[in-house]
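Chemist: Sequence isn't available, so here's the structure alone:
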C-alpha cells in the first residue's frame, strides 16, 4: 500500500489518504437507486465555471472512455453521447469527508482533513497495535474498499511528504529517494510558480532541493523554498488535528417497536423540546439537527436539517423536519418498527436574549430567516443563495455567492458617508465593456468625453482617480487601473477606468465597469 519504503529511524510517522474518486463514490453510495437503473453508464460531476458547465469529477468508466476532468460538458457528450451529469455539491462532499475522518478515529485520535479529497493521520506510536505500518495500511484500505471507496495511501516522516506520495505515487529505494523523485507539482504551489519551475528545467522535487534555497526563494517566491524544506523534513509541517465537539444528544428507547411514522414524529417533537431546554441552559441555539431512526432489522434512517441562525424554536425545527420528509423520494418506512430514535445537535452557537425593536425590524428578520430555512430545506442547500462581500482589490472579485444558510463572512461592504453618493455602482458589467475613443487630459489625466454604444457622452463632472494596482504579493503583474466617477451633460453617471498607464503599456485602454442609478 505504501508507495515508498518506510524509514524506521524517523520518530514521527504520518499516513496520508487520497480519494481520487470521492465525489462520484459519494453519489454512488448515497444515491444508489439512480445508478441501479443506469448500470454501466458513465457519469460525471459538473460545476459552472464562467458560465460553462465543466467536469469537476468523473467515474472510472468515463475515464476509460477518454473523458477528462476540466472538459466542458458539451465536449464530453460529443465524445460519449450517453454521459449522465450531476451537480457538484461541495458541502455534501465535505460532510462525506468528515464521516470518513470519523471512521479513521479507530486508528489514531489525530486526524486532519486535507480538503477536498484527502486525510492525514498522525500514526506515531500506533502502527504496532495493528502489526506494523504495512498491516495498518492494509486494514485501512480493506475497510474503505468494503464501503465501495478506493483510496491511495502512503506513509512518511512528515505530513507534506505523506500527502505528496499518496497523490503522485513515487517509488524509490528509500523514503527520501521517493520524495526526491516526485514532480514539482507535488509541492502544492500556485500554477504560475509550478510552470516557472518546469520551464527552468526543474522537473522533480530533488531538482529543486539540490539548489540553493535562497536562490529558489528569490526567483520563484518564498513559498517554493518553504515547501521544499517541509516536504524534505527540514522544516516543521504543523498538523492541525480535527477536533470535534461532542454533539448534544437525546434519545428515546422503546420496549415495543414503534410501527407508525406519525407516532415516531411525535416522539421526535418531544426530543426536540428536550434538547431545546438543554440548549437554553447553556445559552446556545442549534444550527444543525440530525435525527436517526433505528429499525429493528438494523437499518438506520437519517434526517438532517439546518437553520440560518441559532434557534431554540421547537415548532420551527419540526416544520423543517416535515418539509424534509415531504421532499424525500423514498418516505420513512418503519418496517417492523423503530426501537430507538436519537436526535443529535452537532452544531450549536451562542444565543442570548435580544431586545425587540419597536418598529418590528427584528421580527421581520426572523421571518425572513425562517423562510430561507424552509426554502433551503425543500429545494436544497445550494439552491437558495445570497451575495456576500469578499476582501479583494479588483471590484469584479469583491463578492461571492454563498448558500443563504451559511453565516456571513467577517468582511462587509462599507456604506458611504451620510449625504455622500456611493463609491461603487450597484450594477457592474461582467466583463467590463470597452469604450472608444476617449478624449482625456494627457498623459494620465481624467477623461473628457467617450463613446459607448454608439452614443457620444460629454463629461460635465468627474471624480477620481481611484487607483487599483496589482497586489504586491502576487507573481502575476497586470496593468494599473485608474477609476473615475463621471457624469455627462444629461446627468447620467458612469464608473469608467483606464487600463494601464502610459509608462506601463504603449496604448492604454478604456472601459466602462458600471452605471450608477
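Modeler: Done, it's in. Fair warning: this is a prediction, and the values are worked out from it, not measured in the lab.

Chemist: Only C-alpha atoms from now on, for both contacts and neighbour counts.
Modeler: OK.

Chemist: per-residue confidence at residue 100?
Modeler: Residue 100 carries a pLDDT value of 91.

Chemist: Run a quick neighbour tally on it.
Modeler: Neighbours of residue 100 under the rule other Cα atoms under 10 Å: 15.

Chemist: tell me which element it is part of?
Modeler: Residue 100 belongs to helix 90-103 when assigned by DSSP states H and E.

Chemist: what's the following helix or strand after that helix?
Modeler: From helix 90-103, the next helix or strand downstream (DSSP H and E) is strand 111-114.

Chemist: Listing partners with orientation, what would you give for that following strand?
Modeler: strand 118-122 (antiparallel) (DSSP bridges).

Chemist: pLDDT on whichever helix or strand comes after the strand it pairs with, on average?
Modeler: The first helix or strand that comes after strand 118-122 along the chain, using DSSP H and E, is helix 133-147. The average pLDDT within helix 133-147 is 91.

Chemist: on that earlier part again, give me the contacts around the helix holding residue 100.
Modeler: Here helix 90-103 makes contact (Cα atoms under 8 Å, 6 or more residues apart in numbering) with 22-23, 26, 111-113, 115-119.

Chemist: Of these, grab the buried ones for PyMOL.
Modeler: Command for PyMOL that selects the buried part of these, burial taken from 16 or more other Cα atoms under 10 Å:
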select buried, resi 22+23+26+111+112+113+117+118+119
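
Chemist: Looking at the contacts of helix 90-103, which one is closest to residue 150?
Modeler: Using Cα to Cα, residue 22 comes nearest to residue 150 of those, at 8.5 Å.

Chemist: How is residue 505 assigned, secondary-structure-wise?
Modeler: Secondary structure state of residue 505, per DSSP: H, G, I helix; E, B strand; the rest coil, is coil.

Chemist: Could you say whether the closest residue to residue 438 other than its chain neighbours sits in a helix, a strand or coil?
Modeler: Of all residues not flanking residue 438 in the chain, residue 450 sits nearest, at 4.5 Å (Cα to Cα, 6 or more residues apart in numbering). Secondary structure state of residue 450, per three-state DSSP, is strand.

Chemist: surely residue 450 meets residue 439?
Modeler: Yes. Counting by Cα atoms under 8 Å, residue 450 does reach residue 439; the two are 6.5 Å apart.

Chemist: Would you enumerate the residues in contact with residue 69?
Modeler: 54-58.

Chemist: how close does it get to residue 63?
Modeler: Distance, residue 69 to residue 63, using Cα to Cα, to the nearest Å: 9 Å.

Chemist: on that earlier part again, turn the contacts of helix 90-103 into TSV, including distance to residue 32.
Modeler: Listed next are the contacts of helix 90-103 as TSV, based on distance: Cα to Cα, whole Å:
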residue	distance to residue 32
22	15
23	13
26	10
111	29
112	29
113	26
115	24
116	22
117	21
118	23
119	25
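
Chemist: and which of the contacts of helix 90-103 is nearest residue 312?
Modeler: residue 113 (30.5 Å).

Chemist: Skip the chain neighbours and tell me the closest residue to the closest one.
Modeler: Nearest residue to residue 113, sequence neighbours excluded (Cα to Cα, 6+ apart): residue 119, at 4.8 Å.

Chemist: Can you pull up the most central residue in the chain?
Modeler: Centroid-nearest residue in the chain, with Cα atoms, centre = their mean: residue 90, separated by 5.5 Å.

Chemist: Give me the pLDDT value at that one.
Modeler: 86.

Chemist: Distance-wise, check it relative to residue 143.
Modeler: Separation of residue 90 from residue 143 (Cα to Cα): 24 Å.

Chemist: Repeat that for residue 52.
Modeler: 38 Å.

Chemist: got it, and residue 131?
Modeler: Here the criterion is Cα to Cα. By it, residue 131 lies 16 Å from residue 143.

Chemist: So for these two, which sits in the more crowded spot?
Modeler: The neighbour comparison of residue 131 against residue 143 (other Cα under 10 Å) goes to residue 143, with 14 against 10.

Chemist: on that earlier part again, might one say that the residue nearest to residue 113 is in contact with residue 14?
Modeler: No. With contact defined as Cα under 8 Å, residue 119 does not reach residue 14; the gap is 10.4 Å.

Chemist: which of the contacts of residue 69 sit farthest apart?
Modeler: Maximum distance among the contacts of residue 69 (Cα to Cα): 10.8 Å, for 54 and 58.

Chemist: neighbour count winner among these two?
Modeler: residue 58 (24 against 21).

Chemist: Roughly how far does that one sit from residue 19?
Modeler: From residue 58 over to residue 19 the distance is 13 Å, taken as Cα to Cα.

Chemist: if we can go back for a sec, name the residues contacting each of residue 69 and residue 63.
Modeler: Among the neighbours of residue 69, none is also in contact with residue 63 (Cα under 8 Å, 6+ apart).

Chemist: what's the nearest residue to residue 171 if we skip its chain neighbours?
Modeler: Nearest residue to residue 171 in three dimensions, chain neighbours excluded: residue 178, at 4.8 Å (Cα to Cα, 6+ apart).

Chemist: Does that neighbour lie in a helix or a strand, and which?
Modeler: Under the criterion of DSSP H and E, residue 178 resides in helix 175-180.

Chemist: Who are the packing partners of that helix?
Modeler: If you count contacts as 3 or more Cα pairs under 8 Å, 6 or more residues apart in numbering; DSSP states H and E, helix 175-180 packs onto helix 159-168, helix 205-209.

Chemist: Run through the neighbouring helices and strands of the longest one.
Modeler: The contact analysis (3+ Cα pairs under 8 Å, 6+ apart) places helix 159-168 against strand 14-18, strand 118-122, strand 152-156, helix 175-180, helix 222-231.

Chemist: sec struct for residue 490, please.
Modeler: coil.

Chemist: what's around it, how many residues?
Modeler: Counted with other Cα under 10 Å, residue 490 comes out at 10.

Chemist: right, and the helix or strand after the host helix or strand of residue 75?
Modeler: Applying DSSP H and E as the criterion places residue 75 in helix 73-79. Proceeding N to C from helix 73-79, the next assigned helix or strand is strand 84-87, under DSSP H and E.

Chemist: Adjacent strands (with direction) for that next one?
Modeler: strand 43-49 (parallel).

Chemist: ok and the partner strand relative to helix 90-103, angle-wise?
Modeler: 130 degrees (axes from the mean of the first three to the mean of the last three Cα atoms, to 10 degrees).

Chemist: Which residues outside strand 43-49 are in contact with it?
Modeler: Contacts for strand 43-49 (Cα under 8 Å, 6+ apart): 23-24, 53-59, 61-62, 73, 83-88.

Chemist: Many thanks, we can stop here.
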